[in-house]
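A.B. asks: Below: sequence and its predicted model.
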Amino acid sequence: MRILIVHQYYLAPDEPGGSRFNELARLWMGSGHEVSVIAGNLNYATGRSSVDGGRWITERDEAGVDVWRCHVPGTYNRGYAGRMWAFCGATLSASWAALRVSRPDVVIATSPPLTAAVPGFIAARCRWRPVPWVFEVRDLWPESAITTGVIRRESVLARCLYALERFACRNAQAVNVLTPAFADDLKARGLVDDRRLFFVPNGADVESFTPAPRENDVRRELGWGDRFVALYAGAHGRANALGQLLDAAEHLRDRADVIIATVGDGPERARLEADAKARLLTNLRFIGAVAKDRMPAVIAAADAGLAVLQNNPTFRTVYPNKVFDYMACERPTILAIDGIARRLVCDEANAGIFVEPENGRAIADAIARLADCPDEAHTLGRNGRAWVVANASRPALAQRYLAALESLASGTLRTTAPASSHL
């Protein structure tokens, strides 16, 4: 089977960021399938181009995958207006690539950005022999952008994005959701029903992210010594509300044995670093973006993982990606996200501590609790690893996704609709 993935954020080799589809592509190829990808040429975390020169489209081999790197305007990290312009430019170049790529048997268009639906539809349906396509929802757009204050609900842009969401959900032959809460939302709004809905969540590469001693080259290089390190790994954007980590560091000033560290990049990072410097927070470290192959060692060097988002009802529907990696590495999670993530991490897996989102004092108290109770931290970490291996290993999820794609390509889709999240 020939699978085409439309994913603006598909990582180039050695780039930092979420590598879910890189791993799925590798596993699908290992099962004997051909995989092509239409992707952007800018890394979302760093804003740097993965392609030399200013070509509109560059086709190249990346670890056996035929990747079409499409031009994304360099305005991506220049505010929200610049990002919208970058999405428009990426949609145009990706749509052109969609007309040129060899005919696949099935197409996956994964959102965000929501605009991935346009080249996904073109690649699947604008052919003399149309093929089925899957619209994948990794986050609820434009609802997330509205509730975080990026765009106004009554704006023309919001109405256009809602129309694009309706178009994608109603025209795709199947819709994959990464959480049951996304399914609840889409069904409640009449955008999809159980017959076209399936559920393959995020997960962890349990072969790369494994339990390991914290004393490693990363810990020595960063000078963490014997201190307890609470690590945030992920984007530094408005939705992440990382100011709450600065507040937590403020409350932990008298704990010389504790450090809060962040790994990643994003449009808010420079402002956060300046704020931390102004507040004289010597117990907060910004490490910056790290290549994906180094992330297992970075997480292993830490003592606990931090998962935080803005205190926003929309984020009650999400599973933060890095939680699975923390759990796979046997590190307890301090979770400042309510809703479905809380039920997974704290109730089902018993792998972390929930605290109120955007409550710096509560985050600081949870960090201090784990620093002072190593046995509890170890138990939560072991619970997390056991849950991930049993429920969210990347190879098992890749086979589950592949089964849905094969049945879709053969015209006999067998969906696996998620159980209601009851949010």
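C.D. replies: The structure has been received and is ready for your questions. Numbers count the residues shown, from 1 in each chain.
A.B. asks: looking at it, residue 302 is touching residue 231, isn't it?
C.D. replies: Yes: using Cβ atoms under 8 Å, residue 302 is in contact with residue 231, at 3.6 Å. Quick note: C-beta positions are derived from backbone N, CA and C, even for glycine.
A.B. asks: what is in contact with the two at once?
C.D. replies: 261, 331 (Cβ atoms under 8 Å, 6 or more residues apart in numbering).
A.B. asks: Does the closest residue to residue 340 other than its chain neighbours fall in a helix, a strand, or a coil region?
C.D. replies: Excluding the flanking residues, the one nearest residue 340 by Cβ to Cβ, 6 or more residues apart in numbering is residue 181, at 4.7 Å. When classified by DSSP: H, G, I helix; E, B strand; the rest coil, residue 181 comes out as helix.
A.B. asks: Can you tell me how far residue 181 is from residue 26?
C.D. replies: 29 Å (Cβ to Cβ, to the nearest Å).
A.B. asks: Those two: which is more packed in?
C.D. replies: Set residue 181 next to residue 26 and count neighbours by other Cβ atoms under 10 Å: residue 181 wins out with 24 against 17.
A.B. asks: There's contact between that one and residue 317 in this structure, I believe.
C.D. replies: Yes: using Cβ under 8 Å, residue 181 is in contact with residue 317, at 3.5 Å.
A.B. asks: that's a strand at residue 149, yeah?
C.D. replies: No: the assignment for residue 149 (three-state DSSP) gives coil, which keeps it out of a strand.
A.B. asks: What about the spatially closest residue to it that is not a sequence neighbour, how many residues nearby?
C.D. replies: Closest residue to residue 149 apart from its sequence neighbours, by Cβ to Cβ, 6+ apart: residue 238 at 7.4 Å. Counted with other Cβ under 10 Å, residues neighbouring residue 238 total 16.
A.B. asks: got it, and residue 318?
C.D. replies: Residue 318 has 23 neighbouring residues, counting by other Cβ under 10 Å.
A.B. asks: likewise residue 219?
C.D. replies: Neighbours around residue 219, by other Cβ under 10 Å: 21.
A.B. asks: OK, contacts around it?
C.D. replies: Here residue 219 is in contact with 225, 229, 301 (Cβ under 8 Å, 6+ apart).
A.B. asks: List the buried residues in the particular helix or strand that has the second one in it.
C.D. replies: In this structure, residue 229 is located in strand 228-233 according to DSSP states H and E. Within strand 228-233, the residues that qualify as buried by neighbour count (16 or more other Cβ atoms under 10 Å) are 228, 229, 230, 231, 232, 233.
A.B. asks: Just the pLDDT for the third one.
C.D. replies: Think residue 230. Residue 230 is assigned 98 on the pLDDT scale.
A.B. asks: distance of the nearest residue to residue 336 once chain neighbours are set aside from residue 330?
C.D. replies: Closest residue to residue 336 apart from its sequence neighbours, by Cβ to Cβ, 6+ apart: residue 308 at 4.2 Å. Distance of residue 308 to residue 330, computed by Cβ to Cβ: 21 Å.
A.B. asks: any weak-confidence spans in this protein?
C.D. replies: 45-47, 50, 53-54, 74-81, 412-423 (pLDDT under 70).
A.B. asks: mind redoing it with 80?
C.D. replies: Within the chain, the stretches with pLDDT under 80 are 14-18, 42-54, 74-87, 127-128, 411-423.
A.B. asks: which residues in it form strands?
C.D. replies: 2-6, 34-40, 57-62, 65-70, 106-111, 133-137, 174-177, 197-199, 228-233, 258-263, 284-288, 304-308, 333-336, 352-354 (DSSP state E).
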